[in-house]
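S.K.: Quick one: sequence and predicted model below, then my questions.
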Amino acid sequence: MAKKSNDVDVEALKKKVLPIIRIAVLGPKGVGKTAIVNQFVNNSFEPQYEETDDDIRRYKKVHDLNCSPTDPQYVVFIIEDIFPTNHPDLVRESDFLKTNIYFGTLENRQQRFKEEQKNILEFDKQIYGYIFVFDGNQNDSYKGLEEPIKYISEYCEKQRSFSMLTTKKVIVANKSDLIEASSQDKVFSKCKSLEKFNIPTRFVVSAKTGHNINAVFEEIGKQILQDQKLDMIDKAWLTEMNSLIMGIEEYRKKKSQGNGKNDLSNKKGGNKGFLGCGEKRKQFVADDEEEDEDEEDDEFKNLQPYPGMMEDDKEGCNIF
């Protein structure tokens with residue numbers, strides 16, 4: 001049986017180093033964000049709608065960007081399916097924040113505002129690309145993207161370090177299966193208010209049929225890999241990794257002598273801070289705050305020699 005071009009050749013991936021691409025999927029409630037991710041990761045569609053009630057659902061997939069058995073370009077996608085931007089709970093939270101920001105004391109307003117912005121920015125620094133989704137079958141659905149695109153474009157990216165690449169952005173109109181074929185080319189013509197954001201990469205897709213789903217992730221993945229600033233990020237990570245490895249060796253010496261305990265976990269982000277884990281993600285993912293020493297020992301054994309990249313094992317890409 002012939003191997004499909006988008007199937008992962010596990011044997012070919014053994015001992016290879018794969019780039020990790022972090023993508024966030026944003027959009028209003030009910031537009032099909034989870035369905036799009038599920039179609040890409042699992043090649044399946046669940047017709048029964050279940051609302052995403054967590055802050056984030058994380059998915060991982062090893063994928064060939066070239067879809068070529070002769071010239072594959074495997075990467076690891078880490079995809080964040082984010083809480084709907086217009087969810088009722090989010091609206092209530094916004095009202096609560098508005099009350100605290102505008103009607104509290106000046107000091108309280110400033111402190112609360114800084115805390116909220118910091119949480120968002122810390123998350124944004126870990127994302128390389130955003131996929132903004134709206135319902136192409138609903139006339140006004142695209143309007144729900146205006147605020148998140150504006151915020152990310154105008155505020156978050158200004159706060160990034162000079163060495164951080166500019167996030168790539170794609171706008172996706174989902175549910176093409178409900179749109180007449182003759183009208184699909186005109187879907188974006190009505191989205192005049194999105195023109196000001198200058199995001200030329202756009203797709204009309206169907207999470208139900210799979211139409212254009214792979215193309216979305218492959219395009220944004222290629223754009224990210226082509227960004228020259230990725231080299232700067234890799235160098236920064238490599239420097240931090242070398243320091244980390246030296247610290248681990250010192251830790252092991254002390255551990256073998258029974259004279260000390262691990263101090264690395266006290267650093268910001270824990271002993272995997274260079275991967276964007278730990279403290280930075282505390283608002284969005286309910287991670288355990290404490291690990292016993294045996295678990296930390298296992299983590300040290302599995303650390304790879306090149307940050308931002310993970311080696312594959314027999315069961316697939318060994319991430320985190």
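M.R.: Nice, thanks for sending it over.
S.K.: Next one: residue 34 from residue 174, what distance?
M.R.: 11 Å (Cβ to Cβ, to the nearest Å). In this view, the C-beta of every residue, glycine as well, is placed from N, C-alpha and C.
S.K.: More neighbours: which of the two?
M.R.: residue 174 (30 against 20; other Cβ atoms under 10 Å).
S.K.: That one is in contact with residue 28, isn't it?
M.R.: No: judged on Cβ atoms under 8 Å, residue 174 makes no contact with residue 28 at a distance of 10.8 Å.
S.K.: shared neighbours, those two?
M.R.: Common neighbours of residue 174 and residue 28 (criterion: Cβ atoms under 8 Å, 6 or more residues apart in numbering): 134-135.
S.K.: Can you give the contact residues for stretch 34-54?
M.R.: Contacts of stretch 34-54 (Cβ under 8 Å, 6+ apart): 25, 29-30, 33, 57, 59-61, 77, 79, 81-84, 87, 131, 133, 172, 174, 205, 207-210, 213-214, 216-217.
S.K.: mind checking the SS state of residue 173?
M.R.: strand (DSSP: H, G, I helix; E, B strand; the rest coil).
S.K.: before we move on, what about residue 29?
M.R.: coil.
S.K.: Show the low-confidence segments of the stretch 151-300 of the chain, by residue range.
M.R.: For the stretch 151-300 of the chain, the stretches flagged by pLDDT under 70 are 155-166, 228-256, 258-300.
S.K.: Just the buried ones from the contacts of stretch 34-54, in ChimeraX syntax?
M.R.: Applying 16 or more other Cβ atoms under 10 Å to those, the buried members can be selected in ChimeraX as follows:
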select :25,29,33,57,59,61,77,79,81,82,83,84,87,131,133,172,174,205,207,208,210,213,214,216,217
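S.K.: would you list every one of the helices in the stretch 101-250 of the chain?
M.R.: 106-124, 146-151, 213-226, 229-257 (DSSP state H, counting those that start in this stretch).
S.K.: Run through the residues that contact residue 213.
M.R.: 36, 39-40, 205-207.
S.K.: Sorry, slip of the keys, the one I care about is residue 216.
M.R.: 36, 40, 131, 170, 172, 203, 205.
S.K.: hmm, try it at 6 Å
M.R.: 170, 172, 203 (Cβ atoms under 6 Å, 6 or more residues apart in numbering).
S.K.: cool, and residue 72?
M.R.: If a contact means Cβ under 6 Å, 6+ apart, then residue 72 has 64, 66 as its contacts.
S.K.: ok, now residue 146?
M.R.: residue 193.
S.K.: do the same with residue 129
M.R.: So residue 129 contacts 23, 167-168, 220, 224 (Cβ under 6 Å, 6+ apart).
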